[in-house]
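The sequence isn't on hand, but the structure is:
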Ligand SMILES: CC(=O)[C@@H](O)[C@H](O)COP(=O)(O)O
Ligand SMILES: NCC(=O)COP(=O)(O)O
């Protein structure tokens, strides 16, 4: 068994959509912290949030509440804060020093994340912020499209990991293009590993597409899953949904 095959993929639950529902009323329910506690009690290994500048879902108090919860009750659990480091992400990094910061090149008004960073264009402006985050003890992951040729540049700019943007794979599921699209992710992950980067993955992953993705793309450290996870949890509950996603990961081992 190769070292990549020995990698155990962690499930990091993205709670954006719990906050989105909560924000539609002034009642404080559903609780973001309560959702985190239920998912962690069921075995999730991480929590991810993406506090966008317009606070459409995760708000600053959610980030600090979750940081305090994990530090107090779940010290082994990874906290991953996503965002654009040229907008509001670095404020959270400096204040809370999460285990990981995922740099995402979203505009402030973008409806959702839909692309990764570009190299060499983004390298010079990213380098000092990556260095600052790492100097604070925060692992840095760059949100990237599955482009093998960019992975060496991601390493050169100082990042620890890449997060492969998996919407393209999810959209290809069940189409004649699926195998070719998945092959691009395999090549991108292999190039990332060869460059000395860790590999995360996320966006539009679900119970349907997670196992085949992880069977093909070996050595993924973390999958961060939110939209499909919360949709499933509305039907199954947080604990059963967490167990289902952990089973999808185990089935790929
Ligand atoms: C970076 C990424 O693909 C997702 O983590 C992102 O958080 C999705 O954001 P929304 O939940 O606002 O769609
Ligand atoms: N980085 C991906 C993430 O955190 C959640 O993305 P999605 O599952 O909500 O599409």
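Okay, I see it. All of these numbers come straight from a predicted model, not from anything done at the bench. Ligands and ions are numbered 1, 2, ... in the order given.

could you point out which element follows the helix or strand harbouring residue 36?
Residue 36 is located in helix 32-41, with elements delineated by DSSP states H and E. Where DSSP H and E defines the elements, the next helix or strand beyond helix 32-41 is strand 46-49.

Now the residue of the stretch 1-150 of the chain found nearest ligand 2. Nearest residue, chain neighbours left out?
Nearest residue of the stretch 1-150 of the chain to ligand 2 (C-beta to the nearest ligand atom) works out as residue 14 at 3.5 Å. From N, CA and C alone the C-beta is placed, and that goes for glycine too. Computed as C-beta to C-beta, 6 or more residues apart in numbering, the closest residue to residue 14 that is not its neighbour in sequence is residue 226, at 2.8 Å.

For burial, what's the neighbour tally of the one you found?
25 (other C-beta atoms under 10 Å).

now do residue 43
Other residues close to residue 43 by other C-beta under 10 Å number 12.

Identify the residues contacting it.
By C-beta atoms under 8 Å, 6 or more residues apart in numbering, the contact set of residue 43 is 11, 242-243, 246.

residues making contact with stretch 76-92?
10, 12, 40, 44-53, 60, 63, 66-67, 70, 93, 96, 98-108, 125-126, 129, 132-133, 141, 143, 222, 224.

Let me see the contact set for residue 63.
Residue 63 touches 49, 51, 81, 92, 96, counting by C-beta under 8 Å, 6+ apart.

Name the helix or strand for it, please.
Per DSSP H and E: helix 60-73 holds residue 63.

following that helix, which helix or strand shows up next?
The helix or strand immediately downstream of helix 60-73 is strand 78-83, counting by DSSP H and E.

Let me know the angle separating that following strand from helix 32-41.
140 degrees (axes from the mean of the first three to the mean of the last three C-alpha atoms, to 10 degrees).

let's number from 48 now, not from 1
All right, first residue 48 from here; so that's strand 125-130.

ok and strand 125-130 relative to helix 107-120, angle-wise?
160 degrees.

Next, the distance between the ends of stretch 102-113.
Distance between the two ends of stretch 102-113: 16 Å, counting by C-alpha to C-alpha, to the nearest Å.

ditto for stretch 199-213
Terminal residues of stretch 199-213 lie 20 Å apart, using C-alpha to C-alpha.

how far is that stretch from where the chain is centred?
Centroid separation for stretch 199-213 versus its chain: 13 Å, with C-alpha atoms, centre = their mean, to the nearest Å.

Can you give me the buried ones in that stretch?
199-202, 204-213 (16 or more other C-beta atoms under 10 Å).

Next, the buried residues of stretch 75-87.
Under the neighbour-count criterion of 16+ other C-beta under 10 Å, stretch 75-87 has 77-79, 82-87 buried.

Quickly check: the helix holding residue 110 near ligand 2 or not.
No - Helix 107-120 does not reach ligand 2 (C-beta under 6 Å from any ligand atom); its nearest approach is 13.6 Å.

same question, stretch 158-176
No - interface with ligand 2: stretch 158-176 contributes nothing (C-beta under 6 Å from any ligand atom), its closest point being 7.1 Å away.

So which residues lie in contact with the helix of greatest length in the chain, not counting its own?
For the chain, the helix with the greatest residue count under DSSP state H is helix 225-241. Helix 225-241 has contacts (C-beta under 8 Å, 6+ apart) with 51, 191, 193-196, 198-199, 201, 208-209, 211, 213, 215-216, 219, 245-246, 248, 259-260, 263-267.
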